[in-house]
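J.: take a look and give me a structure for this.
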Amino acid sequence: MDMKKRLSTEEVAQVDAWIRQRGFVYDDVRVEILDHVLSAMEDLMTIDEHLSLQQAYSQVRASFGIFGFSTLEEAFIHSTEKRLWRKVAEQLLNFIKPKGVLHSLGLVLFLVAMQITLGGYAVSAFPLVLSLAFILGRIHIYRREKHLQKLLSFRMSLGTLALTLPITTQMYIWLPKIEIASGNSWLIPLIASVICLLDWAQWRVLQAELDKHRQLCQKIGLA
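T.: Okay, the predicted model is just below:
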């Protein structure tokens, strides 16, 4: 049985250069495309040993149709979005498990006590301040980890933290009014707790992603 064709380091570098010419600016996207293209090229060159590197690359590129490697880029973006939000959901579930439920109840009780002593607007402001603090932390990470800025997945993981800022802003405006109208004194602490936990879940996902991104940077020579 014939051994599968393996491209040399020089050939891989040449294919990488061709992919760069297609305008893919994010390194993790390029690496994802490169892995798919190299595998397909090696399959073709195993079947036809007389096929040149350029011919194999052209055939693989043509197999993706008129949109070319952009289909791989879109698939990468879609899978990354799903993975990030799945991790956020997993973090949220941890807050209702035995190890995390005490922290969740503690947060609710803390906000209830804050409402009793400081009022509804203070409780509504708490998740807003937390959201702003996490966004400032995100900006700090983005500026500090400059070698990670060339990774689309890193930018996407940073972007999830902006989700709750519009929610917390509207909550600060409307929740105290809704509480007065409904007469439900638990409404603000409960909703504020949920928003705070969502913020915290997103932040924990971002921190977990940092190690993965740093490893990828080392792999592709960015660090």
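
J.: contacts, neighbours, all on C-alpha from now
T.: OK.

J.: can you give me the helices for the chain?
T.: 9-21, 27-47, 53-63, 70-94, 98-118, 120-144, 152-159, 164-182, 187-219 (DSSP state H).

J.: of all those, which lies closest to Met3?
T.: Among the helices of the chain, helix 27-47 comes nearest to Met3, with 7.6 Å by CA to CA.

J.: now that closest one, how far from the centre of its chain.
T.: Relative to the chain's own centre, helix 27-47 is displaced by 24 Å; criterion: CA atoms, centre = their mean, to the nearest Å.

J.: which other helices and strands contact it?
T.: Using 3 or more CA pairs under 8 Å, 6 or more residues apart in numbering; DSSP states H and E, the elements in contact with helix 27-47 are helix 9-21, helix 53-63, helix 70-94, helix 152-159.

J.: mean pLDDT and mean neighbour count added to the ones you listed, as a markdown table?
T.: Listed next are the helices and strands packed on helix 27-47 as a markdown table, based on pLDDT from 0 to 100; neighbours: other CA atoms under 10 Å:
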| stretch | mean pLDDT | mean neighbour count |
| --- | --- | --- |
| helix 9-21 | 88 | 14 |
| helix 53-63 | 90 | 16 |
| helix 70-94 | 88 | 15 |
| helix 152-159 | 79 | 19 |
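
J.: isn't Phe134 up against Trp203?
T.: Yes: between Phe134 and Trp203 there is a contact at 7.1 Å, judged by CA atoms under 8 Å.

J.: so between those two, which is more surrounded?
T.: Trp203 (23 against 18; other CA atoms under 10 Å).

J.: export stretch 141-161 to PDB, keeping only CA atoms.
T.: Only the C-alpha atoms of stretch 141-161 are listed here, as PDB (Å, rounded to 0.1, in the frame of the first residue of the first chain):
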ATOM      1  CA  ILE A 141      -6.000  42.800  27.500                       C
ATOM      2  CA  TYR A 142      -6.400  43.800  23.900                       C
ATOM      3  CA  ARG A 143      -3.700  46.500  24.200                       C
ATOM      4  CA  ARG A 144      -1.400  44.300  26.300                       C
ATOM      5  CA  GLU A 145      -1.700  41.100  24.100                       C
ATOM      6  CA  LYS A 146      -0.800  42.700  20.800                       C
ATOM      7  CA  HIS A 147       0.400  39.500  19.300                       C
ATOM      8  CA  LEU A 148      -3.100  38.100  19.800                       C
ATOM      9  CA  GLN A 149      -4.700  40.900  17.800                       C
ATOM     10  CA  LYS A 150      -4.100  38.900  14.600                       C
ATOM     11  CA  LEU A 151      -6.400  36.100  15.700                       C
ATOM     12  CA  LEU A 152     -10.000  36.500  14.800                       C
ATOM     13  CA  SER A 153     -11.100  34.000  17.500                       C
ATOM     14  CA  PHE A 154      -9.500  36.300  20.100                       C
ATOM     15  CA  ARG A 155     -11.300  39.300  18.800                       C
ATOM     16  CA  MET A 156     -14.600  37.400  18.900                       C
ATOM     17  CA  SER A 157     -14.000  36.200  22.500                       C
ATOM     18  CA  LEU A 158     -13.400  39.900  23.500                       C
ATOM     19  CA  GLY A 159     -16.500  40.900  21.700                       C
ATOM     20  CA  THR A 160     -18.800  38.700  23.800                       C
ATOM     21  CA  LEU A 161     -18.200  41.000  26.800                       C
END
